[in-house]
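Trainee: generate a structure from the sequence data that follows.
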Amino acid sequence: DLTGQPFHEVAAQYIIQPLDLKRTSFENPLPASRGNIAKAHDAKGTPTALPRGYQSMPENAASGLWTTPSELLIILAAVMEAHQTENQSFLTEALVEDMITPEKESIHGLGPRIFPRENDIMVSHGGANDSYRAIFSVFWKQQTGYIIFTNGRNGSKLINELAPMLEIYVNQ
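Mentor: Now for the predicted structure:
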């Protein structure tokens, strides 16, 4: 709102281009020329959002991120690096500290959920809309974690099955 530019252009200028992300966008809807877009599936596994095959949500900032697990990893690594170095070209250390510190009487930092662990904190955020489910969890001090993306309405079932096993695995 402050820039007067469309959200996807601001995101491109401040996040996508500086991190050299090729498969990440907030364009809504994605242009057909983009190709290789995860098709949406309903609860029975049937393709939905036809004829296009993928969904387009009106809430760009909340539901409009199109990315890959590999590029989300690049974003998360840049956030972690900004917290650990003097390089403030992406985010300031103070802003990242706000992101990973729970607000009073809340499990949320500035965006993600924060779960204290014995010798670490788990920074986590999920996403869900009609036919896509996703989560990332990062064990901040260990600099390990996992990312799970699904393209079906029942994706939460898979996430709920995999996440506890992955949490154990990455903490070994």
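Trainee: show me the residue sitting in the middle of this protein in space.
Mentor: Centroid-nearest residue in the chain, with Cα atoms, centre = their mean: Leu72, separated by 5.9 Å.
Trainee: Ile114 - that's part of a strand, no?
Mentor: Yes: counting by DSSP: H, G, I helix; E, B strand; the rest coil, Ile114 is found in a strand.
Trainee: from His8, how far off is the residue nearest to it when sequence neighbours are not counted?
Mentor: Closest residue in space to Ile114, ignoring its immediate chain neighbours: Pro102 at 4.4 Å, by Cβ to Cβ, 6 or more residues apart in numbering. All C-beta spots, glycine's among them, are computed from the backbone N, C-alpha and C. Distance of Pro102 to His8, computed by Cβ to Cβ, to the nearest Å: 30 Å.
Trainee: go on, Pro164?
Mentor: 35 Å.
Trainee: the two - which one has more neighbours?
Mentor: Legend: neighbour count by other Cβ atoms under 10 Å for Pro164 and His8, higher for His8 (18 against 9).
Trainee: which residues touch the nearest residue to the more buried one once chain neighbours are set aside?
Mentor: Residue nearest to His8 in three dimensions, not counting chain neighbours: Phe26, with 3.8 Å by Cβ to Cβ, 6+ apart. When contacts are counted by Cβ atoms under 8 Å, 6 or more residues apart in numbering, Phe26 touches Phe7, His8, Ala11, Ala12, Asn60, Ala61, Gly64, Leu65, Trp66.
Trainee: among those residues, name the ones in strands.
Mentor: Using DSSP state E, no member of those sits in strands.
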